[in-house]
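quick one, what's the 3D model for this:
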Amino acid sequence: MKVVAKTFFELTTSELYEILKARSAIFILEQSIHYQDLDDVDYQSYHFFIEENKKVIAYLRAYYVDDTKKVVKLGRVLTREHGKGIGRQLLEQSIPLIKEKMKVDKITIDAQKQALGFYEKLGFKTTSKDFLEEGIVHVKMEKEI
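I've put the predicted structure just below:
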């Protein structure tokens with residue numbers, strides 16, 4: 001499976017629909033997070049996803065932390081099928097693309113605490129104490145790329 005990388009304005013309407021459907025399925029339905037998913041950050045983001053039979057099965061977005069454009073933050077990281085290595089594949093393919101397309105040397109993420117081991121295996125380091133975000137324990141992590 002290959003990761004697709006597009007800016008918001010490069011996405012087709014079908015791709016955008018599938019991305020939003022996947023985000024809703026995971027964060028709103030599966031994890032019962034009640035939040036405004038459509039937060040305007042998508043406009044400034046690169047969108048990285050894996051499709052299978054025209055359905056988005058793994059996704060993340062990457063966007064600059066501030067106007068210096070030196071650090072990128074990952075968000076909305078998800079896989080529709082857990083335990084099959086799709087998330088690892090998504091990140092392993094997306095990180096070099098982020099470096100190439102966004103010209104940065106550091107990635108940050110607010111990771112759900114239960115996913116800490118997953119991100120550590122990919123070279124991310126914890127940089128904060130636990131904090132609550134939308135009722136779920138998170139930690140800030142970063143990775144030099």
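
contacts, neighbours, all on C-alpha from now
Noted.

residues contacting the helix or strand bottoming out on mean pLDDT in the chain, please?
With mean pLDDT, DSSP states H and E as the measure, the helix or strand of the chain carrying the lowest mean pLDDT is strand 131-133 (a mean of 94). The contact list for strand 131-133, computed with CA atoms under 8 Å, 6 or more residues apart in numbering, reads V137, H138, V139.

residues of it that come out buried?
Taking 16 or more other CA atoms under 10 Å as the basis for neighbour counts, none of the residues of strand 131-133 comes out buried.

quick check: what element follows it along the chain?
Counting by DSSP states H and E, the next helix or strand C-terminal to strand 131-133 is strand 136-144.

contacting residues for the closest residue in space to F9 that isn't next to it in sequence?
Across the structure, with CA to CA, 6 or more residues apart in numbering as the measure, the residue nearest F9 apart from its sequence neighbours is Y43 (7.5 Å). Contacts here follow CA under 8 Å, 6+ apart; on that basis Y43 touches T7, F8, F9.

give the buried residues for stretch 65-81.
The neighbour-count criterion (16+ other CA under 10 Å) identifies V71, V72, K73, L74, G75, R76, V77, L78, T79, R80 as the buried residues of stretch 65-81.

helices of the protein, residue ranges please.
Under the criterion DSSP state H, helices of the chain are mapped to 13-23, 86-102, 116-121.

return the distance of the last one from the chain's centre.
I take that to be helix 116-121. In terms of CA atoms, centre = their mean, to the nearest Å, the gap separating the centre of helix 116-121 from the centre of its chain is 14 Å.
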